[in-house]
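Colleague: need the 3D shape of this:
(one chain, ligands or ions: 2)
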Amino acid sequence: MVYKALTVAGSDSGGGAGIQADLKTFQELRVFGMSALTAVTAQNTLGVQGVYPLPPDAVAQQMESVGTDLGADAVKTGMLFSAEIIEAVAAKVRQFGWDRLVVDPVMIAKGGAPLLQEEAVSALKTYLLPLAMVATPNIPEAEALTGLKIQSIEDRKEAAKRLHELGVKHVVIKGGHDDDGEETVDILYDGSEFFYFTSKRIKTKHTHGTGCTFSAAIAAELAKGKTVQEAVQTAKSFIQAAIEHELGIGHGHGPTNHWAYRDKQTR
Ligand SMILES: Nc1ncnc2c1ncn2[C@@H]1O[C@H](COP(=O)(O)OP(=O)(O)O)[C@@H](O)[C@H]1O
Ligand SMILES: Cc1ncc(COP(=O)(O)OP(=O)(O)O)c(N)n1
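Modeller: Ligands and ions are numbered 1, 2, ... in the order given. Here you go, the predicted structure:
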């Protein structure tokens, strides 16, 4: 059986985040990866040097090409840049009935570069999040989407409930930005219960692309028919190995190691 996943995201020339991270993750998890590019970024481990969005029609056409021929068992979205692209993507998701949809609401790169226009946040809430089987905001993204200030686990739980009210079926609020303590905790809310995914916090600055990689791993596992809880557990193990076995390349915030999880399984 060949499982297929489609990523709708931006290109990171440095290879650590965006479409490159997604396709590497799909491949590592033995899922056939396909892509619809939303924007080209000139980017490396030092930051984002340029952002060139594609026309919304070009994004829609790529999704149409995939949907009318290969089909997708799961879809994930990353950098979408504008309200117009978000609307085009949501229309295609509805057209093809892609219900195994993971929305990573990418807003700002770790270096501070905006990857989503400010006025597009409400389009995310109106058009795309209600279609999501899983949404994976980090703490600043959850704050921007809910208007809440998030300082504690209780605040994260409240934000998850508010996002669930928008129609997101499962909300994962990631803990990478909560840099207190020895652990990173990602919280999953399914509308009735909370589940906690905890790992040792790795002390490193090489976390470029962690969010993209994590959400791509969830999409890959959903493509195989796994439950959301199973998919999040595998994604957490995948990203933990990828951060732990850093590659040490570039002069800034380096990428994670996408083959570390496979190495660990085969060792
Ligand atoms: N230093 C770290 N050690 C271990 N896990 C981490 C670390 N930083 C991030 N993660 C994990 O990486 C994933 C992405 O988290 P986060 O950094 O919050 O997302 P984003 O890249 O979107 O900002 C989450 O599963 C989070 O727990
Ligand atoms: C093209 C592109 N898409 C998304 C991101 C953000 O990736 P993320 O996984 O949140 O990692 P950081 O950039 O925050 O390290 C990106 N940088 N580029």
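Colleague: so which residues of the stretch 151-267 of the chain form strands?
Modeller: 170-173, 183-189, 194-200 (DSSP state E, counting those that start in this stretch).
Colleague: list the contacts of T204.
Modeller: Contacts here follow Cβ atoms under 8 Å, 6 or more residues apart in numbering; on that basis T204 touches I243, E246. The C-beta positions use only the backbone N, C-alpha and C, and glycine is treated the same way.
Colleague: residues contacting stretch 50-65, please?
Modeller: Stretch 50-65 is contacted from outside by 6, 8, 10, 35-42, 81-82, 84-85, 87-89, 91-93, 96, 113, 115, using Cβ under 8 Å, 6+ apart.
Colleague: let's go with 10 Å and repeat that
Modeller: 6, 8, 10-11, 13, 34-43, 72, 75, 79-89, 91-93, 95-96, 98, 109, 113-115, 117 (Cβ atoms under 10 Å, 6 or more residues apart in numbering).
Colleague: what does the stretch 101-250 of the chain have sitting close to ligand 2?
Modeller: Within the stretch 101-250 of the chain, the residues that sit near ligand 2 (Cβ under 6 Å from any ligand atom) are V106, A109, K110, L115, H208, G209, T210, G211, C212.
Colleague: make JSON lines out of these and add neighbour count and pLDDT.
Modeller: Formatted as JSON lines, these follow (neighbours: other Cβ atoms under 10 Å; pLDDT from 0 to 100):
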{"residue": "V106", "neighbour count": "26", "pLDDT": "97"}
{"residue": "A109", "neighbour count": "23", "pLDDT": "91"}
{"residue": "K110", "neighbour count": "19", "pLDDT": "85"}
{"residue": "L115", "neighbour count": "23", "pLDDT": "96"}
{"residue": "H208", "neighbour count": "28", "pLDDT": "96"}
{"residue": "G209", "neighbour count": "31", "pLDDT": "97"}
{"residue": "T210", "neighbour count": "22", "pLDDT": "98"}
{"residue": "G211", "neighbour count": "25", "pLDDT": "98"}
{"residue": "C212", "neighbour count": "30", "pLDDT": "98"}
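Colleague: need the max-distance pair from these.
Modeller: L115 and T210 (14.6 Å; Cβ to Cβ).
Colleague: excluding chain neighbours, what is closest to E183?
Modeller: Spatial nearest neighbour of E183, chain neighbours left out: T198 (5.2 Å); criterion: Cβ to Cβ, 6 or more residues apart in numbering.
Colleague: got it, and L6?
Modeller: Nearest-residue entry for L6: A72, 4.1 Å, with adjacent residues in sequence omitted and distances by Cβ to Cβ, 6+ apart.
Colleague: how close does that neighbour sit to V59?
Modeller: Separation of A72 from V59 (Cβ to Cβ, to the nearest Å): 15 Å.
Colleague: centre of the chain to stretch 56-70, how far?
Modeller: On the basis of Cα atoms, centre = their mean, to the nearest Å, stretch 56-70 sits 20 Å off its chain's mean C-alpha point.
Colleague: buried residues in it?
Modeller: Going by neighbour count (16 or more other Cβ atoms under 10 Å), the buried part of stretch 56-70 is P56, V59, A60, Q62, M63, V66, G67.
Colleague: CSV for those residues, including pLDDT and distance to I153?
Modeller: As requested, these are exported to CSV (pLDDT from 0 to 100; distance: Cβ to Cβ, whole Å):
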residue, pLDDT, distance to I153
P56, 98, 38
V59, 98, 36
A60, 98, 39
Q62, 99, 39
M63, 99, 37
V66, 98, 38
G67, 98, 39
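Colleague: using a markdown table, please lay out these together with distance to A21 and secondary structure.
Modeller: As requested, the buried residues of stretch 56-70 are arranged in a markdown table below (distance: Cβ to Cβ, whole Å; DSSP: H, G, I helix; E, B strand; the rest coil):
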| residue | distance to A21 | secondary structure |
| --- | --- | --- |
| P56 | 23 | helix |
| V59 | 19 | helix |
| A60 | 23 | helix |
| Q62 | 18 | helix |
| M63 | 19 | helix |
| V66 | 19 | helix |
| G67 | 23 | helix |
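Colleague: want to throw those residues into CSV with distance to P137?
Modeller: Formatted as CSV, the buried residues of stretch 56-70 follow (distance: Cβ to Cβ, whole Å):
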residue, distance to P137
P56, 23
V59, 22
A60, 25
Q62, 25
M63, 23
V66, 25
G67, 26
